[in-house]
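*Asks:* coordinates only, sequence not included:
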């Protein structure tokens, strides 16, 4: 099975972190390829953006620790997933295209196995939590999504939500309720993986709430594919 990617969107390493964040928001993307002297220097993602928001960094991208740009020689799903997992990246580069976790997960034919098998207990926050505190939780735990709970689930806060809000308001010193997506999408634990992916694809989201207290993300589906191939 071959995985299609999309054309690389890039930015100069002389750009500042804020410029990169604004560019990502305008183009509705979660990562951007950074070039220095006409060569790929690395990839700036929402993860690096969040980390630098905490320190209010005004650095240029050439001075920031970026994700490794992993180049691949084949778009075969096994090769793509193996490259992602073994290099701890959420995207790979093939020729002039970038292939993301979403490209893989939304294309893959998952079995009718309960999605609960790959779901994890979710770290949770309240609507009144300050977004800066939420960023600290995300950065510390290496996650991008936090369900927002007030007795019952009331929304989902994603790294993308935070960056897009920052690009508009130039601050993140606000309560989570001002930034979160109030439309939390949940399914029950008996939902098949194949159907869960269909829901994520329909709403174009990177995570799904399972039984109100668990969460499954694109990375969980990638690890499942990787484990399946390892067993074979």
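*Replies:* Nice, I can see it. This one's a predicted model, so the numbers in the text were calculated from it and none came from an experiment. Numbers count the residues shown, from 1 in each chain.

*Asks:* CA only for contacts and neighbour counts going forward, please
*Replies:* Will do.

*Asks:* List the buried residues in stretch 19-38.
*Replies:* Residues of stretch 19-38 classed as buried under the neighbour-count rule (16 or more other C-alpha atoms under 10 Å) are 19-25, 30-35.

*Asks:* Determine how far the last residue of it lies from the first.
*Replies:* 19 Å (C-alpha to C-alpha, to the nearest Å).

*Asks:* same thing with stretch 33-45?
*Replies:* 9 Å.

*Asks:* From the rest of the structure, what touches that stretch?
*Replies:* 8-14, 30-32, 61-62, 66-69 (C-alpha atoms under 8 Å, 6 or more residues apart in numbering).

*Asks:* quick one: which of the residues you listed is nearest residue 182?
*Replies:* Distance to residue 182 across these (C-alpha to C-alpha) is lowest for residue 30, with 20.1 Å.

*Asks:* residues in contact with the closest one?
*Replies:* 24, 45, 46, 160.

*Asks:* Residue 129 versus residue 67, what's the distance?
*Replies:* Distance from residue 67 to residue 129, by C-alpha to C-alpha: 29 Å.

*Asks:* so what are the domain limits for this structure?
*Replies:* Annotated domains of the chain cover 6-105, 115-218 [automatic domain parsing].

*Asks:* The contacts of residue 30 in strands, which ones?
*Replies:* Within these, residues falling in strands by DSSP state E are residue 45.

*Asks:* which of the contacts of residue 30 lies closest to residue 115?
*Replies:* Set against residue 115, the nearest of these by C-alpha to C-alpha is residue 160 (23.8 Å).

*Asks:* Look at that closest one and say how many residues are nearby.
*Replies:* A total of 24 residues lie near residue 160 under the criterion other C-alpha atoms under 10 Å.

*Asks:* So that it lines up with my notes, have the first residue be 48 from now on.
*Replies:* In the new count, where the first residue is 48, that last one comes out as residue 207.
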